[in-house]
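S.K.: Sequence and predicted structure below; questions after.
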Amino acid sequence: MYQKILLTGINGQVGHSLQVALQASQFPTELIALDRTQLDLANAEQIREVVRTIQPDLIINPAAYTAVDKAESEYDLAYSINAIAPGILAEEAARLNAKLIHFSTDYVYNGRKLEAYQEDDATQPLSVYGKTKLAGEEAIRPVGIPHLIFRTAWVYGAYGKNFMKTILRLASEQETLYIVADQMGTPTSSNAIAEAMMQILQQGDFKVSGVYHLVNSGQASWFEFAQAIVEESNMLRQREGKTGLLVKHIQPISTDQYPTPARRPANSLLDTGKLLQDFDIEMPHWRESLIKELSSLHASNL
Ligand SMILES: NC(=O)c1ccc[n+]([C@@H]2O[C@H](COP(=O)([O-])OP(=O)(O)OC[C@H]3O[C@@H](n4cnc5c(N)ncnc54)[C@H](OP(=O)(O)O)[C@@H]3O)[C@@H](O)[C@H]2O)c1
């Protein structure tokens, strides 16, 4: 078991879920959990200084520049946080004989494959965000330390800003929503990611290194995900004796009808067979995780 874990980006969705899970765990591990004000990944010197001071034996790095559309006009900042910083974390981990767990994205793929992606499929990011995240993976690899890179996708949860929260807000304001139906992926809750991560940590020192897909199971379009959010939320509201959300119709639209600065892959499906094979982890279905996230959101709003 690890003596000291350094966790970055604790105000993000995954960072927050990991911090809560690690604090609730029985691990005899010291946790140093830092937000952007305590460890700014855009500041190379600060990264080296903080890691050398803390001397962790495991670094977990969910922090990232995640503003996908804004990244198109902020290449340098996105590159320093997503590409340069992971390489520095790996180099500093090497000095300490420490390990690194890092997060990456489905946006490293071009989305043209007809089935779910495997970890060794060719990458071809369509966006600046995807390019910088891929460069981050590539910066870690040659350092040669034991590392795990988890490519996740469509992350949401009760905590943070995400698609589920946006749909709930829009569904309480508008009678009709228009949602993209030609991008497929797997909605993945930050808590499902954290639970998988805890199982991996419980298994002790990892003996393998490399890229793993880490998403809930099942698949959906954004349109289907929005429908499920409204359906499940209305069921919870009914149980609580509340009226349903205002929204009456959810209409499917195409990506062309919802232009964004960054291009997104049409197919974001990630095969998690390698995670099952190497870590014996079976991810829950996305709808099961959605119900959990909505329930905890409702509970916190009561
Ligand atoms: N969200 C998704 O749908 C998605 C999909 C695929 C992959 N991923 C990957 O999964 C990981 C976790 O994503 P997430 O959804 O948890 O992201 P998130 O909610 O956007 O959180 C990202 C965190 O990174 C922090 N951060 C940004 N710039 C930083 C800097 N210069 N120094 C230190 N921290 C900085 C942010 O700090 P502030 O809170 O101060 O802004 C935020 O807390 C990331 O690697 C992301 O690329 C996410």
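M.R.: Right, received. Where do you want to start?

S.K.: C-alpha from now on. contacts and neighbour counts both.
M.R.: Will do.

S.K.: Now for residue 186: which residues touch it?
M.R.: Going by C-alpha atoms under 8 Å, 6 or more residues apart in numbering, residue 186 touches 153, 154, 215, 216, 217, 218, 219, 220, 268, 269, 270, 286.

S.K.: Scan these and report the most crowded one.
M.R.: Within the contacts of residue 186, most neighbours by other C-alpha atoms under 10 Å means residue 215, with 32 neighbours.

S.K.: hmm, back to that, so which of the contacts of residue 186 belong to helices?
M.R.: Counting by DSSP state H, the contacts of residue 186 place residue 286 in helices.

S.K.: can you tell me which two in the contacts of residue 186 are farthest apart?
M.R.: 268 and 286 (14.1 Å; C-alpha to C-alpha).

S.K.: Send over the helix or strand encompassing residue 290 as CSV, restricted to the C-alpha atoms.
M.R.: Using DSSP states H and E, residue 290 sits within helix 286-301. The C-alpha coordinates for helix 286-301 follow below in CSV (Å, rounded to 0.1, in the frame of the first residue of the first chain):
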residue,chain,number,x,y,z
TRP,A,286,-24.3,4.1,-17.1
ARG,A,287,-28.0,4.3,-16.2
GLU,A,288,-27.3,2.7,-12.8
SER,A,289,-24.7,5.3,-12.1
LEU,A,290,-27.0,8.1,-13.4
ILE,A,291,-29.7,7.1,-10.9
LYS,A,292,-27.1,7.2,-8.1
GLU,A,293,-25.8,10.7,-9.1
LEU,A,294,-29.4,12.1,-9.5
SER,A,295,-30.3,10.6,-6.1
SER,A,296,-27.4,12.2,-4.3
LEU,A,297,-28.2,15.5,-6.1
HIS,A,298,-31.8,15.3,-5.0
ALA,A,299,-30.8,14.4,-1.5
SER,A,300,-28.5,17.4,-1.3
ASN,A,301,-31.2,19.7,-2.5
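
S.K.: which strands and helices sit next to it?
M.R.: With contacts taken as 3 or more C-alpha pairs under 8 Å, 6 or more residues apart in numbering; DSSP states H and E, helix 286-301 sits against strand 188-189, helix 222-239.

S.K.: This protein: strands as residue ranges?
M.R.: Chain-ordered strands for the chain, with DSSP state E as the definition, fall at 4-7, 30-33, 58-61, 99-105, 147-152, 155-156, 176-180, 184-185, 188-189, 210-213, 220-221, 249-253.

S.K.: The fifth one pairs with which strands?
M.R.: Pointing back at strand 147-152 there. Strand 147-152 pairs in its sheet with strand 99-105 (parallel), strand 210-213 (parallel), by DSSP bridges.

S.K.: swap in the last one?
M.R.: The strands that strand 249-253 pairs with in its sheet are strand 176-180 (parallel) (by DSSP bridges).
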